[in-house]
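Peer 1: coordinates for the following, if possible.
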Amino acid sequence: MDSKLDIKKLIEERGTMGKYHGVAPEGFVLVHEKTLEDLKNWFIWEEWKSGKISLEKLNNNNLDNT
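Peer 2: Alright, predicted model coming up:
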């Protein structure tokens, strides 16, 4: 069995937030400051609340734009 990690593949699958997994204490989630600002928008909040968009996806979008 090949135990090599393909970092490029992991980043493509998980997005850039994947590198922060295990950094926050258990029970906490790291979110981009812009993601918190986005959630103030009622339409984005409604999409998140109804499960149409995830915090991870919002984070990845904001990290890609920075």
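Peer 1: from here on, contacts and neighbour counts on C-alpha atoms
Peer 2: Fine.
Peer 1: the residue nearest to the spatial centre of the chain is in what secondary structure piece?
Peer 2: A centroid search over the chain (C-alpha atoms, centre = their mean) returns residue 56, at 2.5 Å, as the residue closest to the centre. If you go by DSSP states H and E, residue 56 is part of helix 55-65.
Peer 1: report all helices and strands that that helix contacts.
Peer 2: Helix 55-65 sits against helix 33-38, with contacts defined as 3 or more C-alpha pairs under 8 Å, 6 or more residues apart in numbering; DSSP states H and E.
Peer 1: distance between the helix holding residue 56 and the chain's centre?
Peer 2: Relative to the centre of its chain, helix 55-65 is centred 5 Å away, using C-alpha atoms, centre = their mean, to the nearest Å.
Peer 1: CA atoms only for that helix, dumped as PDB, please.
Peer 2: What follows is helix 55-65, C-alpha atoms only, in PDB (Å, rounded to 0.1, in the frame of the first residue of the first chain):
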ATOM      1  CA  LEU A  55     -19.300  27.200   6.000                       C
ATOM      2  CA  GLU A  56     -16.400  25.200   4.400                       C
ATOM      3  CA  LYS A  57     -17.500  26.300   0.900                       C
ATOM      4  CA  LEU A  58     -17.900  29.900   2.100                       C
ATOM      5  CA  ASN A  59     -14.500  29.800   3.700                       C
ATOM      6  CA  ASN A  60     -12.900  28.300   0.500                       C
ATOM      7  CA  ASN A  61     -14.500  31.000  -1.600                       C
ATOM      8  CA  ASN A  62     -13.100  33.700   0.700                       C
ATOM      9  CA  LEU A  63      -9.700  32.200   0.900                       C
ATOM     10  CA  ASP A  64      -9.500  31.900  -2.900                       C
ATOM     11  CA  ASN A  65     -10.400  35.500  -3.200                       C
END
